[in-house]
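Peer 1: The sequence and its predicted three-dimensional model are supplied below.
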Amino acid sequence: MKIMLTGGSGHVGRRVLTRLVGPNEVVNIDRVAHPLGWSGRQELLDLTQPSQLDRIQETFDAIVHLAAIPHHCQASGEEVLQNNLLSTYAVLRYAVERGVPKVIFASSDSASGWGPHAKWHRPDYLPIDEKHPSLPSEAHGFAKAFGDQLCQGFSRAHGLRTICLRCSFITVPACYERFLERVSSPKPREEPGSTYAWVDVEDVASAIIRALEYDPGAGRSETFYITAVEHYGTAPTLDLIQRNWGEGIPVDRAYYEENARASFFDIRKAKRLMGWEPEWSVERMIRAHG
């Protein structure tokens, strides 16, 4: 398979790139060169400038779109929206014009409105699944939610196959030490309002591979939550729900009684349609990297 990967020089992109090469021909598209001296093909360009992407006069079997400003801490809200929306639109337009049949978009749980930077609302029900209304409240969440809508619109209008992966906070080797200090502490720091949702980069890479294999059908767009099975907090999820919102929210209690620390986000659709399941847990992270 011939794949265009945007953002392959970033922390997440580098690992995804490593997993994709071998059985696939991969072209890395990024503003900066791969920092580890990757010897494969890469094109340095700015996706917010459509004419630069148009320099690539070829087609691909799929585009994996990771390139983005990952959160508002790295730029102003205006910069996050401009960069992330323009780049997503440019990729989708390119796919249509070049006859690329599938685009995989790295979305975020922030699109839901319950990401790490959001002003929280009361959810309609828990766990939050792909049918739950999206209520973003900050630039990163807006950009990802609008990106999902762009994918849906391009699928309807042009027959494109699009898959939106709403990933939680992604752990990468550069943050393992800090993450492990947090989860191993006998008195972990409280994070009021947090879902403690996370997913390891290896599981993100495997979700992308599954998405490349999955066919939603021409003109269809599918969205999936991609998180670890369990959150990284210490309290049971039902206790966190009570602490954050009190009573009155419909909760699938059996879901949380089966796994006391199950995620706020429901990943069963990804398992049912793509056959994807996360392999990394907090306990495995501690054993492997602690």
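Peer 2: Yes, it's here.

Peer 1: How many residues are close by S112?
Peer 2: Residues lying near S112 (other C-beta atoms under 10 Å) number 28. Backbone N, C-alpha and C define where each C-beta goes, glycine included.

Peer 1: Contact partners for the residue positioned nearest the centre of the chain?
Peer 2: Taking C-alpha atoms, centre = their mean, the centroid of the chain lies closest to C167, which sits 2.9 Å from it. Residues counted as contacts of C167 (C-beta atoms under 8 Å, 6 or more residues apart in numbering) are 106-109, 199, 204, 207, 226-227.

Peer 1: Export those residues as CSV, with columns for distance to S51, neighbour count and pLDDT.
Peer 2: CSV is the format used below for the contacts of C167 (distance: C-beta to C-beta, whole Å; neighbours: other C-beta atoms under 10 Å; pLDDT from 0 to 100):
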residue, distance to S51, neighbour count, pLDDT
A106, 24, 27, 99
S107, 26, 26, 98
S108, 28, 29, 97
D109, 33, 27, 95
V199, 35, 25, 98
V204, 31, 25, 99
A207, 32, 26, 99
I226, 33, 29, 99
T227, 37, 26, 98
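
Peer 1: Which of the residues you listed fall in helices?
Peer 2: With DSSP state H as the criterion, helices contain 204, 207 from among these.

Peer 1: Low-confidence bits of the stretch 1-150 of the chain, can you list those?
Peer 2: Applying pLDDT under 70 to the stretch 1-150 of the chain flags residues 72-73, 116-120.

Peer 1: quick one: the helices in it?
Peer 2: 11-20, 50-53, 77-98, 139-158 (DSSP state H, counting those that start in this stretch).

Peer 1: In a markdown table, list these along with distance to E277.
Peer 2: Below are the helices of the stretch 1-150 of the chain laid out as a markdown table (distance: least, C-beta to C-beta, whole Å):
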| stretch | distance to E277 |
| --- | --- |
| helix 11-20 | 16 |
| helix 50-53 | 34 |
| helix 77-98 | 27 |
| helix 139-158 | 22 |
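
Peer 1: so which of the ones you listed comes closest to T59?
Peer 2: Across the helices of the stretch 1-150 of the chain, T59 has its closest neighbour in helix 77-98 (4.5 Å, C-beta to C-beta).

Peer 1: What's the local residue count around P133?
Peer 2: Per other C-beta under 10 Å, the neighbour tally for P133 reads 10.

Peer 1: how near is the closest residue to it other than its chain neighbours to A197?
Peer 2: Among residues not flanking P133 along the chain, D124 sits closest, at 6.6 Å (C-beta to C-beta, 6 or more residues apart in numbering). Going from D124 to A197 by C-beta to C-beta, to the nearest Å gives 18 Å.

Peer 1: The two: which has the busier surroundings?
Peer 2: A197 (25 against 12).

Peer 1: Where do the helices of the stretch 151-290 of the chain begin and end?
Peer 2: For the stretch 151-290 of the chain, the helices defined by DSSP H, counting those that start in this stretch occupy 176-184, 201-213, 237-245, 253-258, 268-274, 282-289.

Peer 1: Buried ones in the first one, by neighbour count?
Peer 2: For helix 176-184, a neighbour-count test (16 or more other C-beta atoms under 10 Å) marks 176, 179-180, 182-183 as buried.

Peer 1: any idea which of the helices of the stretch 151-290 of the chain is most buried?
Peer 2: For the helices of the stretch 151-290 of the chain, ranked by mean neighbour count under the definition mean count of other C-beta atoms under 10 Å, the leader is helix 201-213 at a mean of 21.
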